[in-house]
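Chemist: generate coordinates for the sequence data below:
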Amino acid sequence: MLVFLSFFLLAVGAMLVFNLVLKHSYTDKSMEEKLQLVQNQCSILGNQILANQFTIDTMQSNLNVEIDQLANVWDGRILVMDSTYKIVKDTYTIDQNNYMIYDEVVHVMRGEKDKNIRMLDDYAEIIVPIVNSEKVTNGVMIAMVSLKDIDDTNAYIAKQANILIILFAVLAFVAAFVIANISVKDIKKLNAQILTLNQGHLESLQVKSRFNELTRLTDSFNVLLNKMQVLEDSRQEFVSNVSHELKTPITSMKVLADSLLMQEEVPNEVYREFMTDIVEEIDRENKIITDLLTLVKMDKKAAGLNIEPVNINALLELLLKRIKPLAAKRNIEVVFESFREVIGEVDEVKLSLAFSNLIENAVKYNEDGGSVHVSLNADHKFFYVKVQDNGVGIPEECQAQVFERFYRVDKARSRETGGTGLGLAITRNAILMHKGAIKLYSEPGEGTTFTVRIPLKYVS
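Modeler: You can find the predicted model right below:
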């Protein structure tokens, strides 16, 4: 209903505005042309009057008749006044041979042409100077012209315009009613399909409309539904992965414990070996739970960030100092290159976790005798950390998924190194919380490079 009324009122309003503009334009144009015509004709008669030395009624001249005829044509009155302000001709003969002095005539006699027109109720008074060849004003013609013809034409135009407005209003009413009905039906269909979302159905909306706006709205809803479906699929996959990852160590421990229970006499060596395996599975379970809790905390967005100025050089040096013993066991060289001192507004704990995961992965998934190169640089707006190794690399088809939770490129190797499949997901979340970005470049067999960009100034 609102759409219908809006369309109808808009159409009628536009027609009314057009009518007013047309009426005023016609009035102004007609008035201008008529006044100009009167001035031109008076100027011509004025020249003849001047040539006759203001003697209007003579045997050799028809000026008297011409002036009377012109006054009749204009449905008005014409006065001819000489330089002494004496009226030598009055088409009404009321003021013939009388003297008339008033401001407008005096101004025109002095040559002030900007004060020669006066608008009365239904008449326009035009004072035209009678000027000789030396540009000296010898008298004036005062023409009082009726404007009734313009008013009559205006009334006729207004009448016709009103008829057109009524017809247009009827057509606009019908058109608005039809368009509103069609659009309302389409909106009701769309609304009915949207209501099914409350029942858990995330299928795409199928509404065919003749209106582009409604089609675009439907497309926008479908984009949103697709994102919701992706999130739902991701949630279900995450729950499934969590269940699987948590059950795997428990299953392993149960198998080991059952094996011990099934044997009546177990050698100490075997017993210790089984117990060692059980402890490793417990540690693995504990690490999975710890990483899951870390992810849950990060999913609460930036509310938990403890932002403060941190020396990024010192932070990376401390992390590398902790990692070097692990690298030394496999004869992996760890090199840190800093181009400048960098102070950034960051959460030191969360960013340490992110960089630690990247550096640990560079060591764990490297070859014995390999190398890890960590570099730090900055410009006026961001600082950049690059972690580069010459390890096994990541296949191209896997690179888009490495930041997903529980995703492993090599599942067997990840479990051997104690990986939970959550490290890079935690890293990415921590960097995004800082309004940063992380990029990956890798060639299988040649190594992997992670590039991190984070703003120097944190903006909440």
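
Chemist: C-alpha from now on. contacts and neighbour counts both.
Modeler: Noted.

Chemist: which stretches of the stretch 101-250 of the chain form helices?
Modeler: Remark: helices assigned in the stretch 101-250 of the chain by DSSP state H, counting those that start in this stretch are 103-109, 148-195, 212-262.

Chemist: ranking the ones you listed by mean pLDDT, which is last?
Modeler: Of all the helices of the stretch 101-250 of the chain, mean pLDDT reaches its minimum on helix 212-262 (a mean of 70).

Chemist: next helix or strand past that helix?
Modeler: Using DSSP states H and E, the helix or strand that follows helix 212-262 in sequence is helix 268-298.

Chemist: now that following helix: how far from the chain's centre is it?
Modeler: 52 Å (C-alpha atoms, centre = their mean, to the nearest Å).

Chemist: elements contacting that helix?
Modeler: helix 212-262, helix 423-433 (3 or more C-alpha pairs under 8 Å, 6 or more residues apart in numbering; DSSP states H and E).

Chemist: each with direction, which strands does whichever helix or strand comes after the shortest one pair with?
Modeler: What that stands for is helix 423-433. As assigned by DSSP H and E, the chain's next helix or strand after helix 423-433 is strand 437-443. Strand 437-443 pairs in its sheet with strand 447-455 (antiparallel), by DSSP bridges.

Chemist: the partner strand to helix 423-433, inter-axis angle?
Modeler: Comparing the axes of strand 447-455 and helix 423-433 via axes from the mean of the first three to the mean of the last three C-alpha atoms, to 10 degrees yields an angle of 20 degrees.

Chemist: now strand 447-455: mean pLDDT?
Modeler: 94.

Chemist: now swap in stretch 94-101 and tell me
Modeler: 88.

Chemist: tell me how far stretch 177-184 lies from the chain's centre.
Modeler: The answer for stretch 177-184 is 28 Å, by C-alpha atoms, centre = their mean.

Chemist: should've said stretch 310-327
Modeler: Counting by C-alpha atoms, centre = their mean, stretch 310-327 comes out at 45 Å from the chain centroid.

Chemist: what does stretch 34-53 give?
Modeler: 64 Å.

Chemist: which other residues reach it?
Modeler: 55-56, 63, 67, 126, 128-132, 138, 140-141, 143 (C-alpha atoms under 8 Å, 6 or more residues apart in numbering).

Chemist: give the buried residues for that stretch.
Modeler: Applying a neighbour-count criterion of 16 or more other C-alpha atoms under 10 Å, one finds Lys34, Val38, Gln39, Cys42, Ser43, Leu45, Gly46, Asn47, Gln48, Ile49, Leu50 buried in stretch 34-53.

Chemist: again with stretch 341-355
Modeler: So, applying 16+ other C-alpha under 10 Å, buried residues of stretch 341-355: 342-348, 350-355.

Chemist: what's the first-to-last distance across that stretch?
Modeler: End-to-end distance for stretch 341-355: 17 Å, by C-alpha to C-alpha, to the nearest Å.

Chemist: hang on, the earlier thing: out of the buried residues of stretch 34-53, which is nearest to Val223?
Modeler: Lys34 (65.4 Å; C-alpha to C-alpha).

Chemist: downstream of the helix or strand hosting the closest one, the next helix or strand is which one?
Modeler: For Lys34, the element it lies in under DSSP H and E is helix 2-51. With elements assigned by DSSP H and E, the helix or strand that comes after helix 2-51 is helix 63-73.

Chemist: right, and the helix or strand after that next one?
Modeler: Using DSSP H and E, the helix or strand that follows helix 63-73 towards the C-terminus is strand 77-82.

Chemist: that next one: what's the following helix or strand?
Modeler: strand 87-90.

Chemist: who does that following strand pair with, and is each partner parallel or antiparallel?
Modeler: In the sheet, strand 87-90 lines up with strand 77-82 (antiparallel) (DSSP bridges).

Chemist: now do Pro395 against Thr448, distance only.
Modeler: From Pro395 over to Thr448 (counting by C-alpha to C-alpha), the distance is 10 Å.

Chemist: out of these two, which sits in the more crowded spot?
Modeler: Remark: of Pro395 and Thr448, Thr448 carries more neighbours, 22 against 13, as counted by other C-alpha atoms under 10 Å.

Chemist: that one pairs with what?
Modeler: With DSSP bridges as the rule, Thr448 is bridged to Ser442.

Chemist: wouldn't it be in contact with Ile394 here?
Modeler: Yes: here Thr448 reaches Ile394: they are 7.0 Å apart, a contact under C-alpha atoms under 8 Å.

Chemist: quick one: find the helix or strand in this structure with the lowest mean pLDDT.
Modeler: When the helices and strands of the chain are scored by mean pLDDT, DSSP states H and E, helix 411-416 comes last with a mean of 49.

Chemist: count of neighbours near Glu367?
Modeler: Glu367, neighbours per other C-alpha under 10 Å, totals 18.

Chemist: wait, doesn't it sit right on Val392?
Modeler: Yes: counting by C-alpha under 8 Å, Glu367 does reach Val392; the two are 7.0 Å apart.

Chemist: give me the common contacts of the two.
Modeler: By C-alpha under 8 Å, 6+ apart, no residue touches both Glu367 and Val392.

Chemist: outline the domain layout of this protein.
Modeler: 2-152, 212-297, 301-455 (automatic domain parsing).

Chemist: need the winner for burial among the ones you listed.
Modeler: Most buried of the domains of the chain, by mean neighbour count (mean count of other C-alpha atoms under 10 Å): domain 301-455, with a mean of 18.

Chemist: between the buried residues of stretch 341-355, which sits nearest Ala71?
Modeler: So of the buried residues of stretch 341-355, ranked by how close each gets to Ala71 (C-alpha to C-alpha), first place is Glu345, at 91.4 Å.

Chemist: verify the stated contact: that closest one with Pro309.
Modeler: Yes: the pair Glu345 / Pro309 is scored as a contact, 4.4 Å apart, by C-alpha under 8 Å.

Chemist: Val402 contacts Leu424, correct?
Modeler: Yes: the pair Val402 / Leu424 is scored as a contact, 6.9 Å apart, by C-alpha under 8 Å.

Chemist: thinking again about what came up before, could the helices of the stretch 101-250 of the chain be laid out in a markdown table, adding distance to Ile117?
Modeler: Compiled in a markdown table, these are given as follows (distance: least, C-alpha to C-alpha, whole Å):
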| stretch | distance to Ile117 |
| --- | --- |
| helix 103-109 | 8 |
| helix 148-195 | 17 |
| helix 212-262 | 56 |
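
Chemist: quick one: contacts for the nearest residue to Phe355 once chain neighbours are set aside?
Modeler: Spatial nearest neighbour of Phe355, excluding adjacent residues (C-alpha to C-alpha, 6 or more residues apart in numbering): Thr427 at 7.2 Å. Contact analysis of Thr427 by C-alpha under 8 Å, 6+ apart lists Leu353, Ala354, Phe355, Asn357, Leu358.

Chemist: re earlier: overlap in contacts, Pro395 and Thr448.
Modeler: Common neighbours of Pro395 and Thr448 (C-alpha under 8 Å, 6+ apart) are Ser442.
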